[in-house]
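Student: Based on what follows, work out the 3D shape:
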Amino acid sequence: MSGSKREGLRAPGCSKRSTVPGKASFSSPLALGLCAAVPLAEDPVAAVLWHARRLIAESGIVEPPFRPASFASLRRVKKIVYKTMQVEGCLIPCDRDFIIELRKDRPHERINFTCAHELGHTFFYESVPSIKYRTVASSQPHHDPEEERLCNVAAAELLMPADVFRKISQDYSPSPQSLQLIARTFESSLTATVVRLLNLKVWDSKFICWQMKDDILKARWLTQPGTGLVYFPNLDITSPASSGIYHTAVTGEATTSAEWLSLDGGYKLCQLSSVRLNDSRTVLSCITRGVSQAPAKGPESAPPVLPLEYGCECDGTGWRLIRKEGQSFVTRCRAPQHRTSH
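Tutor: From the prediction side, this is the model:
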């Protein structure tokens, strides 16, 4: 497959190094060669997105899920092998065709992203074959971080095409439940989905994944606009005894709460909604907004976020009716004992 027949393409203009605000510069021969092969591509990111969108158009798939395995034959992939291996996946050239190997013990959603990532590597074989085949044939180990980054860009587009993804996700308001539904629709992981939402600026919210270990909830990852995904952030719940997050972790009930969180020594009172995920040790929280900034020494004077005991508000039905801003909501009564009206 040659990159010489593309004069009719409409893609943004190309430079040797990316000058797009917020995007890292590219300098490797593979990245620059990919860019040069797409006339008028402004940088390697635009070039790899052009390849991904062309592949989606060729597949004829117009709605989710966009399963990467469905694109395989269009990229001369003759076989996809699921096997026990140390790496997540690899693309093996066989003459002018390919075999994709994927680690079989990973979740379906993660395998999907890895498969899409490996398809991204085929764009380099097409656009810069002389460089790509030479590096593969070399006896020296080769790893190009810029190529890997661009393959991740391609994978996100193949799995969650921007136009379709934006249109569907805009129908949801930010919440843990919405994130789960969108991820399920596109058969993508929670992390890949929330990063996509933030990169496309669909939502302006923070998400935290908490994991219970030795009866303590620790943040496994944090996503927020402008910083992307951070694993194991220095983030703590300041009042575990009255925390809605802990209540969700212990009981499995979804909660909405305002509580103090500490990040890197700073404190902030946040409005959160939390749900427990299927493995029963993991909680997903969405920070819809920060309420206020706390004094530097911490939230010692803050009132408890949730009462330790709840009075009955349901008259024995188990459910209480809340009216707010002209709307009615029904929620469970959390009292340990319910009174009965006479």
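
Student: residues in contact with the residue nearest to the spatial centre of the chain?
Tutor: Centre of the chain computed as the mean C-alpha position; nearest residue by C-alpha atoms, centre = their mean is Ala192, 2.4 Å away. Applying C-beta atoms under 8 Å, 6 or more residues apart in numbering to Ala192 gives the contacts Glu109, Phe113, Ala156, Leu159, Met160, Ala183. The C-beta positions use only the backbone N, C-alpha and C, and glycine is treated the same way.

Student: Look up how far Glu259 lies from Ser242.
Tutor: Relative to Glu259, Ser242 is positioned 7 Å away (C-beta to C-beta, to the nearest Å).

Student: who's more crowded, those two?
Tutor: The neighbour comparison of Ser242 against Glu259 (other C-beta atoms under 10 Å) goes to Glu259, with 27 against 19.

Student: Check which helix or strand the more buried one maps to.
Tutor: Applying DSSP states H and E as the criterion places Glu259 in strand 255-263.

Student: and that strand, what's its mean pLDDT?
Tutor: Average pLDDT, strand 255-263: 93.

Student: C-terminal to it, what's the next element?
Tutor: Going down the chain from strand 255-263, the next helix or strand is strand 266-276, by DSSP H and E.

Student: and that next one, which strands flank it?
Tutor: Strand 266-276 sits in its sheet next to strand 255-263 (antiparallel), strand 282-293 (antiparallel), going by DSSP bridges.

Student: could you redo the ones you listed as CSV and give each row distance to Leu40?
Tutor: Converted to CSV, the strands paired with strand 266-276 look like this (distance: least, C-beta to C-beta, whole Å):
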stretch, distance to Leu40
strand 255-263, 43
strand 282-293, 40
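
Student: Give me whichever of those strands is most buried.
Tutor: strand 255-263 (a mean of 20; mean count of other C-beta atoms under 10 Å).

Student: just so I have it, where are all the strands in the protein?
Tutor: Under the criterion DSSP state E, strands of the chain are mapped to 77-83, 89-94, 97-103, 206-213, 216-224, 228-231, 235-237, 255-263, 266-276, 282-293, 319-324, 327-332.

Student: Quick one: the ones you listed as TSV, columns for distance to Asn152 too.
Tutor: Compiled in TSV, the strands of the chain are given as follows (distance: least, C-beta to C-beta, whole Å):
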stretch	distance to Asn152
strand 77-83	19
strand 89-94	12
strand 97-103	16
strand 206-213	19
strand 216-224	15
strand 228-231	12
strand 235-237	25
strand 255-263	26
strand 266-276	27
strand 282-293	22
strand 319-324	42
strand 327-332	40
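
Student: Comparing those, which yields the minimum mean pLDDT?
Tutor: For those, where the average pLDDT is lowest is strand 327-332, sitting at a mean of 60.

Student: quick one: the helices in this structure?
Tutor: Secondary structure of the chain by DSSP state H: the helices cover 29-36, 44-59, 108-127, 129-137, 145-159, 162-169, 176-186, 190-199, 244-251.

Student: which strands and helices sit next to the longest one?
Tutor: Judged by 3 or more C-beta pairs under 8 Å, 6 or more residues apart in numbering; DSSP states H and E, helix 108-127 is in contact with helix 29-36, helix 44-59, strand 77-83, strand 89-94, strand 97-103, helix 129-137, helix 145-159.
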